[in-house]
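Undergrad: for reference, the sequence and a predicted model appear below.
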Amino acid sequence: MRWLTTALTAVAAVAAQAQPAGPWRFEPPVDADGALSARWRVVGLPQQKPPLTAYAAARVDGRAALRLEARASYGNFVLDAAGQPAPRRLSWDWRLDQPNPAADLRVKPGDDTAARVCLAFQLPLERVPFVERQLLRLARGKTGEMLPAATLCWVWGTVEPRDAVVDNPYSRRVRYIVLRTQADGSGRWLEESRDVAADWRRAFGDEAPEPPPLAAVIIAADADNTGATSIAHVTGLMLEP
């Protein structure tokens, strides 16, 4: 069941851990003082063989940022958001410092990203197509976790067409929207601001007209399929209610 090497297992692992008491609030992965938030966690897979992707606080061009360094690695930086309403907009800045030219999200051997920002959703199981529903039930039973039924990722791709919606080659439970490609170059900050409902309808509108509640917020990079290296930075992540 190779498709579990997506955000699904990582989200469930984080959501299962105890969370601080009190009302939920969004917290960026790196604060203004340049410290990593204790509410975000690096999560890999059970019995994972590749090393974990490295996430660290950094200061780039005077900005506090999250550094994503993937070296033939896998792992997600995750904030539990179980049951929270989907945000109206999602915005952030990012920059690519070392691309992974071997990546290609359309095929299994190239299913790596130098940077992606994702929202995992608690899509009701009855909304999932029959065959995928059975696979998800099997996966939930095997892991003992309530794996999310839908994860939408905005990615810095490589050779894919910009603005394309790409199904994860291992499972349609994860779908990508390609915002940037290798044509955007590297070493400069680029701004993103996304209408979450509009992008949800583009990617998952065949299953639900409006985004369901969240399961988690994810920032990630991986290079376990290509065995390559990539470095990127993300800052200014904001969820607008």
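TA: Great, that's in hand.
Undergrad: switch to C-alpha atoms for all contacts and neighbour counts from now on
TA: Fine.
Undergrad: now the longest strand anywhere in the chain: buried residues?
TA: Across the chain, the longest stretch assigned as strand under DSSP state E is strand 229-240. Of all the residues in strand 229-240, those buried under the rule 16 or more other CA atoms under 10 Å are 229, 230, 231, 232, 233, 234, 235, 236, 237, 238, 239.
Undergrad: redo those residues as a markdown table? Include distance to residue 50 and pLDDT.
TA: A markdown table is the format used below for the buried residues of strand 229-240 (distance: CA to CA, whole Å; pLDDT from 0 to 100):
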| residue | distance to residue 50 | pLDDT |
| --- | --- | --- |
| 229 | 13 | 98 |
| 230 | 15 | 98 |
| 231 | 17 | 98 |
| 232 | 19 | 98 |
| 233 | 22 | 98 |
| 234 | 23 | 98 |
| 235 | 26 | 97 |
| 236 | 29 | 97 |
| 237 | 28 | 98 |
| 238 | 31 | 97 |
| 239 | 31 | 97 |
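Undergrad: between those residues, which is closest to residue 168?
TA: Residue 168 lies nearest to residue 230 out of the buried residues of strand 229-240, by CA to CA, at 19.5 Å.
Undergrad: does that closest one really touch residue 103, like I thought?
TA: No. At 10.1 Å, residue 230 does not count as touching residue 103 under the criterion of CA atoms under 8 Å.
Undergrad: for the protein, what helix or strand is lowest in average pLDDT?
TA: Within the chain, confidence by mean pLDDT, DSSP states H and E is lowest for helix 7-15 among all helices and strands, at a mean of 46.
Undergrad: ramachandran coordinates for residue 39?
TA: phi -90, psi -10 (degrees, to the nearest 10).
Undergrad: so what touches stretch 178-185?
TA: 96, 99, 101, 154-166 (CA atoms under 8 Å, 6 or more residues apart in numbering).
Undergrad: list the buried ones in it?
TA: Buried, per 16+ other CA under 10 Å, within stretch 178-185: 178, 179, 180, 181, 182.
Undergrad: phi, psi for the residue sitting nearest the centre point of the chain please.
TA: Per CA atoms, centre = their mean, the C-alpha nearest to the average position across the chain is that of residue 118, at 3.4 Å. Phi and psi for residue 118, reported as degrees, to the nearest 10, are phi -130, psi 150.
Undergrad: quick one: it from residue 215, how far?
TA: As defined by CA to CA, to the nearest Å, residue 118 lies at a distance of 11 Å from residue 215.
Undergrad: quick check, residue 136 in a helix?
TA: Yes. Under DSSP: H, G, I helix; E, B strand; the rest coil, residue 136 sits within a helix.
Undergrad: what's the neighbour count on it?
TA: 22 (other CA atoms under 10 Å).
Undergrad: tell me how far the closest residue to residue 157 other than its chain neighbours lies from residue 156.
TA: Nearest non-adjacent residue to residue 157, counting by CA to CA, 6 or more residues apart in numbering: residue 181, 4.6 Å away. Residue 181 sits 6 Å away from residue 156, taking CA to CA as the criterion.
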